[in-house]
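Peer 1: Provide a 3D model corresponding to the input given below.
(chains A, B and C)
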Amino acid sequence: MATKHSRMSARLMISPAVLLLLGWMLIPLSMTLYFSFLRYNLLMPGMEEFTGLTNYRFFLTDPAFFAALWNTIALVVGVLVVTVIGGILLALLLDQPFFGQGIVRILVIAPFFVMPTVSALVWKNMFMNPVNGLFAHAAKALGLQPFDFLSSAPLASIIGIVSWQWLPFATLILLTALQSLDQEQLEAAEMDGAPWIKRFWYIMLPHLARAITVVILIQTIFLLSVFAEILVTTNGGPGTASTNLTYLIYMQSLLQFDVGGGSAGGVVAIILANIVAIFLMRMIGKNLDA
Amino acid sequence: MGRITLDKVRKAFGDIEVIPPLDLTIEDGEFVVFVGPSGCGKSTLLRLIAGLEDVSGGQIRIDREDATNLPPAKRGLAMVFQSYALYPHMSVRKNIAFPMKMAGLPQDEQERRIEGAAKALNLTDYLDRKPGQLSGGQRQRVAIGRAIVREPAAFLFDEPLSNLDAALRVGMRLEISELHKRLATTMIYVTHDQVEAMTMADKIVVLRAGNIEQVGSPLELYNRPRNVFVAGFIGSPKMNLITGAEAAKHNATTIGIRPEHLAISTEGGAWKGEIGVSEHLGSDTFFHVTVEGQVEPLTVRASGEVSLSYGDTVWLTPNEANLHRFDAEGLRIA
Amino acid sequence: MARSVSTRRKLITTVFAWAIGIAIFFPILWTILTSFKTEAAAIADPPVWFNFHWTLDNYATVQERSNYFRHFMNSVIISGGSTLLGLIIAVPAAWSMAFVPAKRTKDVLMWMLSTKMLPPVGVLVPIYLLFRDLGLLDTRIGLVIVLTLINLPIIVWMLYTYFKEIPGEILEAARMDGASLRSEIIHVLTPMAIPGMASTVLLNIILAWNEAFWTLNLTAAKAAPLTAFIASYSSPEGLFYAKLSAASTMAIAPILIMGWFSQKQLVRGLTFGAVK
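Peer 2: So this is what the prediction gives:
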């Protein structure tokens, strides 16, 4: 719908963005792929040699890999469940008329703006610390034994922290979607004699479906690569109890300087992420076209 | 001067040819209306003239100069868009000044022309408002003002009235006609509304599927439609088109008769029928009459006094002198 | 139209909503409160709420001991720089896609989105090595480059959805009025897109400010922004709650305020316009 001239300028103007992103994708990706077939340790420079699939064999048979895979899934699913259900409930609540809506909205959204390192440290030290944390104080006040969250239930604690960070996001999006629901639809349903719970189930929830898919998609992208929260709370421990794939690969490459092994892990992570992405895009495709 | 010549101009989007090669000459000072149903290519044709789209073939000449490959700004044309396309962040004054600013006109000349346009268009009191604070009609006038100050070779209007309500539309129609008389500049006006075409045009170009169906003055088109399509498109209410045995009697595949050329009687006539819906406009009444052997009801114009009710039996008689005959291809027979 | 709700019901909802709102906000509130306490008061059991000796010492100490201001400036430069650079690259791209769509435009957009699905850890090693060899490790410019690239798809998408809402006719009018492509973008498109651009900038600054994978892995001391600076409180300084709180408060305050202003745009930006 335009002239040759404008089409040409358009192509010219889009190319920097496309080329940069293409470079950003292809160069490191091919390097990762290349390294993954090498025996390459930063502590032994000049010793690189081709080892075929050895790195993959080691990485994929490492018990830590399965632990990390499981932890990654648990983390993503756990946070998704908490934030989606919590988000729906919160959105329904905040959609009701009450005094100070604006302020409560601001309070609820706040955790999303807290950087991961800060929220992890605050929760770890000031709340979950078994001696001086607020939870420990509360437990003692109730005559209970303080619970050492990060040692005894590291993964669950991290799920808790990450959920706190992402609950606002889910709430905000679901609330926005809820508010875009045509009131006349609800009134029509009410005229038709549908009680609240049926109105929720048959009208609000289907209306929210798209927003819920979006929440799941976006959060999954970010949750697959949770890193800082683990780094500053548990360092992946105890053992591998709270190591996810991202953290495992980080340890392998930057703490053990095993570039080859880390790269193999990177390739595995990319493949897994792609599987998830394809799955998600399918689901989204259905919901987003409308 | 604003003589625009299209020479074998064609346009294709990919493999789809929306405008097959087409010739058209628009004389200087003429008010030409492109009319046709939506999707007929009339807006595309206008955009080709404007330079907002490339032609796929042929030549566009403006005052004998080849403008085929000139960018829009260099063609010396001004356009008024359907959505008015005012710059929402600029005041009315700045909107009108924009083309002059782009052309680098001196400040005092800009001021002079803005004052002139504002006075002509009744915008003087609104010069410092933003478009968002104006009514639809005022916005329309600002868009026209922005076009006038360029003193273009020709004005292009792309369905400028379709966003206005009915009453305003009639008023703006008169204003634009008035403007044309005063400026005597070429105007090309695109609309799907045949009433606008009939009331404003010196010359109407009826388009269908990118083809020119007929070019002529409003009355030529009304009185001597070249084919069935034009016959059905021009005129309101529509011309009655009759096929089958009745048409064959007149040695035609289709015959057409306008509502005002049918006489209605309760006593007798050529075709017997039954009154359906009647529309009373006061001065006139339109009866929709179901005639035996015809699928579509015929529309008849009668004086406002005639009182007939739903279900009454009537006879219709066509005025033979005003009968239009069309052959199997839909073309007019002599 | 909405019906009036009984005051009783409204009051109950109010209490409920406020309780939940405060509960969610509580960790932040507690951090801010603690930042004004002495270390002893910070770990007091039972906890002290408001009746403690308010002090600003912690802020002074944090600045003095770990040069908070330098890290703050790093954060500002990195998030501001990457946003500016991203905008310069993204505005023309979004213009093209919104106003001169081609057959491939949708595919290009989807592809850009898909680069966000690439797990950063998958390219950690090569980026780390490239940065090491190019001398970009622990430099602001290095982080600006990385953050620009990772947020570029979001900027392009956001601008695209905002540009899409500007009627093409207005740009055509400008073209008819004799504007060149440059003046079309500067005089017509940009002023009309300012609200959209502002929220794009805001959201991008927030994302860049809080980014904590690349900033942690590619910086040491010199170029470390606040994310990395706070991570250094992991231990044992983390046990000094008051100082940790002061540092945390300073790290999150600017973005918290910015975020509150842009919550509406946040929805739109982060969902790529899928929810408005």
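
Peer 1: count of neighbours near C:Ile186?
Peer 2: Around C:Ile186 there are 12 other residues, counting by other CB atoms under 10 Å in any protein chain shown. Every residue, glycine included, has its C-beta placed from N, CA and C.

Peer 1: any idea of the pLDDT on it?
Peer 2: If you check C:Ile186, the pLDDT there is 85.

Peer 1: all helices of the stretch 151-276 of chain C, in order?
Peer 2: Along the stretch 151-276 of chain C, the segments classed as helices by DSSP state H, counting those that start in this stretch run C:168-176, C:181-183, C:190-210, C:214-218, C:226-231, C:241-261, C:263-270.

Peer 1: just put those helices in a markdown table and tack on distance to B:Ile204.
Peer 2: Putting those into a markdown table (distance: least, CB to CB, whole Å) gives the following:
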| stretch | distance to B:Ile204 |
| --- | --- |
| helix C:168-176 | 24 |
| helix C:181-183 | 36 |
| helix C:190-210 | 37 |
| helix C:214-218 | 66 |
| helix C:226-231 | 69 |
| helix C:241-261 | 56 |
| helix C:263-270 | 47 |
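
Peer 1: count of neighbours near residue 41?
Peer 2: No chain was given, so I picked chain A. 17.

Peer 1: meant chain B, my bad for not saying
Peer 2: When neighbours are defined as other CB under 10 Å, B:Gly41 has 22 of them.

Peer 1: name the nearest residue to it, ignoring sequence neighbours.
Peer 2: Spatially, and ignoring its direct neighbours in sequence, B:Gly41 is nearest to B:Gly210 (3.9 Å; CB to CB, 6 or more residues apart in numbering or on different chains).

Peer 1: on that earlier part again, of the helices of the stretch 151-276 of chain C, flag the one that's most buried.
Peer 2: helix C:226-231 (a mean of 26; mean count of other CB atoms under 10 Å in any protein chain shown).

Peer 1: hmm, it in reach of chain A?
Peer 2: Yes: with CB under 8 Å from any CB of the partner chain as the criterion, chain A is reached by helix C:226-231 at C:Leu226, C:Thr227, C:Ala228, C:Ile230, C:Ala231.

Peer 1: distance of the last one from B:Ser135?
Peer 2: It refers to C:Ala231. 59 Å (CB to CB, to the nearest Å).

Peer 1: so for C:Pro47, which of the helices of the stretch 151-276 of chain C sits nearest?
Peer 2: Proximity to C:Pro47 (CB to CB) singles out helix C:241-261 among the helices of the stretch 151-276 of chain C, at 10.6 Å.

Peer 1: what helices and strands are in contact with that closest one?
Peer 2: For helix C:241-261, the packing partners by 3 or more CB pairs under 8 Å, 6 or more residues apart in numbering or on different chains; DSSP states H and E come out as helix A:101-109, helix A:116-121, helix C:7-34, helix C:39-42, helix C:57-66, helix C:68-99, helix C:190-210, helix C:226-231.

Peer 1: avg pLDDT for it?
Peer 2: The model assigns helix C:241-261 a mean pLDDT of 86.

Peer 1: quick one on the thing from earlier: closest one to chain B among the helices and strands packed on helix C:241-261?
Peer 2: Ranking those by distance to chain B, with CB to the nearest CB as the measure, places helix C:190-210 first at 4.3 Å.

Peer 1: using CSV, write down the CA coordinates of the closest one.
Peer 2: What follows is helix C:190-210, C-alpha atoms only, in CSV (Å, rounded to 0.1, in the frame of the first residue of the first chain):
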residue,chain,number,x,y,z
THR,C,190,7.1,11.7,16.7
PRO,C,191,4.9,14.3,18.3
MET,C,192,1.9,12.1,17.9
ALA,C,193,3.7,9.0,19.2
ILE,C,194,5.2,10.8,22.2
PRO,C,195,2.9,9.2,24.8
GLY,C,196,3.6,5.8,23.4
MET,C,197,7.3,6.4,23.2
ALA,C,198,7.4,7.7,26.7
SER,C,199,5.9,4.5,28.1
THR,C,200,8.2,2.5,25.9
VAL,C,201,11.1,4.3,27.4
LEU,C,202,9.8,4.0,30.9
LEU,C,203,9.2,0.2,30.6
ASN,C,204,12.5,-0.4,29.0
ILE,C,205,14.3,1.5,31.7
ILE,C,206,12.6,-0.6,34.3
LEU,C,207,13.5,-3.8,32.6
ALA,C,208,17.1,-2.8,32.1
TRP,C,209,17.4,-1.4,35.6
ASN,C,210,16.3,-4.7,37.1
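
Peer 1: for that helix, packing partners?
Peer 2: Judged by 3+ CB pairs under 8 Å, 6+ apart, the packing partners of helix C:190-210 are helix C:68-99, helix C:140-164, helix C:226-231, helix C:241-261, helix C:263-270.

Peer 1: any idea how chain C splits into domains?
Peer 2: C:7-58, C:69-270 (automatic domain parsing).

Peer 1: mean neighbour count, these: which tops it?
Peer 2: domain C:69-270 (a mean of 21).

Peer 1: in the stretch 51-200 of chain A, which spans are helices?
Peer 2: Taking DSSP H, counting those that start in this stretch as the criterion, the stretch 51-200 of chain A contains helices spanning A:54-61, A:63-95, A:101-109, A:116-121, A:134-141, A:149-152, A:154-179, A:183-191, A:196-199.

Peer 1: low-confidence ranges, chain C, go.
Peer 2: C:1-5, C:235-238, C:268-276 (pLDDT under 70).

Peer 1: any idea which of the helices and strands packed on helix C:241-261 gets closest to B:Trp315?
Peer 2: Of the helices and strands packed on helix C:241-261, nearest to B:Trp315 by CB to CB is helix C:68-99, at 61.0 Å.

Peer 1: what angle separates the closest one from helix C:57-66?
Peer 2: 90 degrees (axes from the mean of the first three to the mean of the last three CA atoms, to 10 degrees).

Peer 1: who are the packing partners of helix C:68-99?
Peer 2: Using 3+ CB pairs under 8 Å, 6+ apart, helix C:68-99 sits against helix A:4-35, helix C:105-115, helix C:140-164, helix C:190-210, helix C:226-231, helix C:241-261.

Peer 1: who in chain B is up against chain A?
Peer 2: Counting by CB under 8 Å from any CB, the residues of chain B near chain A are B:Gly51, B:Leu52, B:Glu53, B:Asp54, B:Pro71.

Peer 1: isn't the last one up against A:Ser9?
Peer 2: No: when contacts are counted by CB atoms under 8 Å, B:Pro71 is not listed as touching A:Ser9 (11.4 Å).

Peer 1: about what we covered before: out of the domains of chain C, nearest to A:Val214?
Peer 2: Per CB to CB, nearest to A:Val214 of the domains of chain C: domain C:69-270, 8.6 Å.

Peer 1: how far off centre is that closest one?
Peer 2: Put simply, domain C:69-270 sits 7 Å off its chain's centre (CA atoms, centre = their mean, to the nearest Å).

Peer 1: close to chain B: what parts of the stretch 51-200 of chain C are there?
Peer 2: C:167, C:169-170, C:172-180, C:183, C:187-188, C:191-192.

Peer 1: show me where chain B has helices.
Peer 2: Here chain B has its helices, by DSSP state H, at B:42-50, B:92-103, B:107-120, B:136-148, B:166-183, B:194-200, B:218-223, B:228-233, B:245-249.

Peer 1: redo the helices and strands packed on helix C:241-261 as CSV? Include distance to A:Ala211.
Peer 2: Formatted as CSV, the helices and strands packed on helix C:241-261 follow (distance: least, CB to CB, whole Å):
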stretch, distance to A:Ala211
helix A:101-109, 16
helix A:116-121, 24
helix C:7-34, 20
helix C:39-42, 40
helix C:57-66, 40
helix C:68-99, 24
helix C:190-210, 18
helix C:226-231, 29
